[in-house]
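**Q** coordinates for the following, if possible.
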Amino acid sequence: MNVKWRGWVSFFGKVFVFFTGALITQGVIAASQQKVMGDYHLTIYEDAQGSVDGIELFTKLADREAFFGVSCTRMSPFPLLQVLLFNDEVISESPRLLQLRYSLEGSTLQSDGLQGVLKATDSVEEHSNKIRIEFGSVGLGSMHAMQEAYDEFLNKLAASKMLQLELSHRTLGNFEYGFSLNGLGPLLAPYRDICR
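**A** Residues are numbered from 1 along each chain as shown. Okay, here's the model as predicted:
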């Protein structure tokens, strides 16, 4: 087993629990199928009738305990985009609202109204940060406008090969992550209706 896949296997359980928790709390049955393409792992969740009810896609940085993922269910009007940080990658021991800027394909860093909501977990079983990437409501006057903003952002991600994220907080400093988007677009395409 090569080093890259060993990292996926060792952290798959932790990431699976994070993403699956979001889907199960929204009523998705845990029956699943799994696929891997490029740098992304896809899990498909079906309802009792066998219809696709939710998906989760994630990737891991090769040399760090940091993940980027997208989860969607029919029960939620918005996709869940998040960064998961484990052990030495943890940046805060308490919840924080982070400023977030991103770049696709090396473009200039931009915000587009995105922010990071950090949830910290520090227990015997787990030491992690889950950072939910979301649009702030400023400038998005309706739920429809927010859905369009998420849809446009997912389109940008699906059409790109690299996502550079910069998270910052006045007391914590700046943190940068570069996630591959190789495989995200083709895996996401058949399930775009679930992410709306």
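
**Q** pLDDT score for Gln147?
**A** On pLDDT, Gln147 comes in at 89.

**Q** which residues sit in contact with the nearest residue to Leu181 once chain neighbours are set aside?
**A** In space, Leu181 comes closest to Ser160 once its chain neighbours are excluded; the distance is 5.0 Å by Cβ to Cβ, 6 or more residues apart in numbering. Backbone N, C-alpha and C define where each C-beta goes, glycine included. Contact partners of Ser160, counting by Cβ atoms under 8 Å, 6 or more residues apart in numbering, are Leu104, Glu105, Leu181.

**Q** using CSV, write down the CA coordinates of stretch 42-54.
**A** Provided in CSV are the C-alpha atoms of stretch 42-54 (Å, rounded to 0.1, in the frame of the first residue of the first chain):
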residue,chain,number,x,y,z
LEU,A,42,-17.2,9.6,-2.7
THR,A,43,-19.8,8.0,-0.4
ILE,A,44,-23.4,7.7,-1.7
TYR,A,45,-26.2,7.3,0.8
GLU,A,46,-29.6,5.8,-0.2
ASP,A,47,-33.0,6.1,1.4
ALA,A,48,-35.3,3.2,2.2
GLN,A,49,-36.5,3.1,-1.4
GLY,A,50,-33.0,2.9,-2.8
SER,A,51,-32.9,6.4,-4.1
VAL,A,52,-29.8,8.5,-3.6
ASP,A,53,-30.5,10.8,-0.6
GLY,A,54,-27.1,12.1,0.2
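
**Q** circling back: the residue nearest to Leu181 should be in a strand, yeah?
**A** No. With DSSP: H, G, I helix; E, B strand; the rest coil as the criterion, Ser160 is coil rather than part of a strand.

**Q** can you report phi and psi for it?
**A** Per-residue torsions, Ser160: phi -110, psi 170 (degrees, to the nearest 10).

**Q** now, among the contacts of Ser160, which is nearest to Ser142?
**A** Within those, the smallest distance to Ser142 is 25.9 Å, found for Leu104 (Cβ to Cβ).

**Q** now the closest one. Nearest residue, chain neighbours left out?
**A** Ser160 (4.2 Å).

**Q** the bottom helix or strand of the chain by mean pLDDT?
**A** Least confident helix or strand, the chain: helix 3-24 with a mean of 48, by mean pLDDT, DSSP states H and E.

**Q** tell me the mean pLDDT for whichever helix or strand comes after that one?
**A** Toward the C-terminal end, the helix or strand that comes next after helix 3-24 (DSSP states H and E) is strand 32-37. For strand 32-37, mean pLDDT is 90.

**Q** do stretch 188-196 as well
**A** Mean predicted lDDT for stretch 188-196 stands at 90.

**Q** sorry, back to before: from the contacts of Ser160, which is closest to Asp39?
**A** Leu181 (7.8 Å).

**Q** now the closest one: how far from Asp112?
**A** 16 Å (Cβ to Cβ, to the nearest Å).

**Q** what does Arg196 give?
**A** Arg196 is 18 Å from Asp112, by Cβ to Cβ.

**Q** where does Gln146 sit: helix, strand or coil?
**A** Not Gln; residue 146 is Met. helix.
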